[in-house]
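Peer 1: sequence first, then the predicted structure:
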Amino acid sequence: MSHAKLKTVTLGCKVNQYETEYVREGLLSAGYTDAGEDEAADLCVVNTCTVTNDGDSKSRKIIRRLARDNPDSRIVVMGCYATRAPEEVAALPNVVEVVTDKRELPDLLGRFGVIDPPKGISTFGDRHRAFIKVQDGCLLRCSFCIIPFVRPEMHSRPVVDILDEAKRLADNGYKEIVLTGIHLGHFGVDFNKGKKKPDWVRLATLVEQLSNLDADFRIRMSSIEATEVTKELIQVMQDYPKEVCPHLHISMQSGSDSVLRRMRRRWGSQRFIDRCKLLQESLHKPAISTDIIVGFPGETDAEFEETCEVSREVGFSKIHIFPFSPRRTTPAADMPDQIPGNIKSDRRKALAAVESECRKTYFQSLVGEPLEVLAEGSLKDRTGILQGTTCRFASIQFAAASEQIGQLIQVMPTAVEDEKLVGHVI
């Protein structure tokens with residue numbers, strides 16, 4: 001098994017990026033080595049995405065290209081597309097194994113010579129922030145989403161494993177740890193069956209325990225639902241302002257109640273706004289980012305306008321905008337009044353303009369506020385200028401030595417330029 005070469009490719013979400021790293025570390029422990037740019041690999045692992053049709057076709061293209069460039073390789077395919085269409089994936093060239101359930105990953109590693117599958121990861125490639133997957137599975141049934149069909153089993157990882165993993169990553173120099181899951185806000189739900197409420201383990205419990213670790217890193221949470229922005233979670237963010245980034249990515253999808261009903265979301269726009277306002281009143285200038293789908297079936301101009309209004313009212317610092325993409329087998333794919341592409345495209349542009357205006361306003365409010373920044377790299381065309389990400393998830397540029405890359409530093413923002421902050425080290 002000596003020095004077989006390995007290539008990994010990841011499409012899609014943070015959870016996928018984490019799972020690929022888990023598989024990669026396991027295989028490296030069994031004697032595989034990463035293949036260089038121009039080296040042929042003996043084993044390729046592709047972690048696929050199926051959120052959009054585009055994800056499926058990208059996955060197929062990548063698998064075909066790997067088979068072409070690494071003709072003698074064996075290809076293992078995992079991820080949501082592999083779960084949704086295993087026969088389709090198995091028929092692609094050089095594919096020797098299709099993993100349809102991520103809980104099989106330790107077994108998969110065993111089949112490739114890994115005697116002791118890792119309990120978690122200890123590095124995260126050459127990045128300065130690392131993701132930790134704490135939970136898998138989603139029980140919601142939003143009408144546009146395929147994910148509950150491909151990751152239906154709710155499963156939270158033991159808190160002690162997560163704490164060990166965070167400590168390892170921090171010891172290896174990662175200064176920011178991003179907690180991620182398919183439905184992050186449901187972390188611990190599966191632990192709590194039959195327990196009384198005071199003994200429940202929730203996301204807030206986990207964040208608090210991570211905040212108390214004796215290690216130098218900050219915690220950020222990935223996507224969460226509005227109802228899961230609980231008073232307990234906000235309290236932990238208040239209690240540990242140095243450890244927990246004052247930023248939440250709260251998934252909205254639409255600001256129109258009628259669209260939200262067709263999407264089968266669990267709450268209306270007012271409840272969403274109220275949670276955001278509670279966060280804004282409880283913390284000092286927190287950042288709120290979100291996801292919004294434009295052109296959902298039947299979306300009228302008036303309904304789209306409601307989404308723009310709510311976006312302005314909340315004042316998002318970033319909006320991930322997705323033109324609606326029908327997924328076969330989801331209820332939304334068969335709904336009447338599918339919106340033509342040109343209208344989706346116009347709405348995407350209009351919402352991007354709203355986003356830009358909200359972001360500038362929010363960034364302007366941060367000028368003169370000292371911010372903790374993770375320095376992530378130097379600007380190619382400007383010597384001595386670094387760029388990084390603030391605790392409030394705003395991009396910032398500042399003069400500093402390249403030795404500071406990978407460190408957390410205090411920076412004072414002095415202006416907003418091109419939707420980025422500029423500032424100087426304090």
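Peer 2: Perfect, I can see it now.

Peer 1: where does the stretch 251-400 of the chain dip in pLDDT?
Peer 2: Under the criterion pLDDT under 70, no range of the stretch 251-400 of the chain is flagged.

Peer 1: what's opposite the spatially closest residue to Ser251 that is not a sequence neighbour in the beta bridge?
Peer 2: Distance criterion CB to CB, 6 or more residues apart in numbering; nearest residue to Ser251, sequence neighbours excluded, is Asp291 at 4.8 Å. In this view, the C-beta of every residue, glycine as well, is placed from N, C-alpha and C. Counting by DSSP bridges, Asp291 forms beta bridges with His320.

Peer 1: so what's Asp291 up against?
Peer 2: Listed by CB atoms under 8 Å, 6 or more residues apart in numbering, the contact set of Asp291 reads Ser223, His249, Ser251, Met252, Gln253, Ile319, His320, Phe322.

Peer 1: determine which two of those residues are furthest apart.
Peer 2: Spanning the widest gap among those are His249 and Phe322, at 13.9 Å by CB to CB.

Peer 1: ok, which stretches of the chain are helices?
Peer 2: 14-29, 53-69, 80-84, 86-90, 105-111, 147-150, 159-171, 203-211, 231-239, 257-262, 269-282, 301-314, 341-366 (DSSP state H).

Peer 1: check these for me and report the most buried one.
Peer 2: Across the helices of the chain, averaging neighbours per residue (mean count of other CB atoms under 10 Å) puts helix 80-84 on top, at a mean of 25.

Peer 1: just the C-alphas of that helix, formatted as CSV.
Peer 2: Provided in CSV are the C-alpha atoms of helix 80-84 (Å, rounded to 0.1, in the frame of the first residue of the first chain):
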residue,chain,number,x,y,z
CYS,A,80,-25.9,14.0,-1.6
TYR,A,81,-25.9,13.3,-5.3
ALA,A,82,-24.5,9.8,-4.7
THR,A,83,-27.3,9.3,-2.1
ARG,A,84,-30.0,10.5,-4.5
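
Peer 1: who does Ile250 bridge with?
Peer 2: In beta-bridge terms (that is, DSSP bridges), Ile250 pairs with Ile224.

Peer 1: wait, isn't it in contact with Glu225?
Peer 2: Yes: if you go by CB atoms under 8 Å, Ile250 and Glu225 touch, sitting 7.2 Å apart.

Peer 1: comparing those two, which shows the higher neighbour count?
Peer 2: Ile250 (23 against 20; other CB atoms under 10 Å).

Peer 1: contacts only, for that one.
Peer 2: Ser223, Ile224, Glu225, Ala226, Val229, Phe272, Arg275, Cys276, Ile288, Ser289, Thr290 are the contacts of Ile250 under CB under 8 Å, 6+ apart.

Peer 1: how much space between the closest residue to Ile146 other than its chain neighbours and Ser258?
Peer 2: Of all residues not flanking Ile146 in the chain, Arg327 sits nearest, at 4.5 Å (CB to CB, 6+ apart). Noted for Arg327: a distance of 21 Å to Ser258, by CB to CB, to the nearest Å.

Peer 1: next one: Tyr362
Peer 2: Distance from Tyr362 to Ser258, counting by CB to CB: 28 Å.

Peer 1: check Leu366 too.
Peer 2: Counting by CB to CB, the gap from Leu366 to Ser258 is 35 Å.

Peer 1: kindly report the same for Pro158.
Peer 2: Taking CB to CB, one finds Pro158 at 42 Å from Ser258.

Peer 1: ditto for Gln238
Peer 2: 35 Å.

Peer 1: likewise for Ser269?
Peer 2: Separation of Ser269 from Ser258 (CB to CB) stands at 10 Å.

Peer 1: contacts only, for Val23.
Peer 2: So Val23 contacts Thr8, Val45, Asn47, Met78, Leu105, Leu108, Leu109 (CB under 8 Å, 6+ apart).

Peer 1: now do the contacts for the last one.
Peer 2: For Leu109, the set of contacting residues under the criterion of CB under 8 Å, 6+ apart consists of Val23, Gly26, Leu27, Ala30, Pro117.
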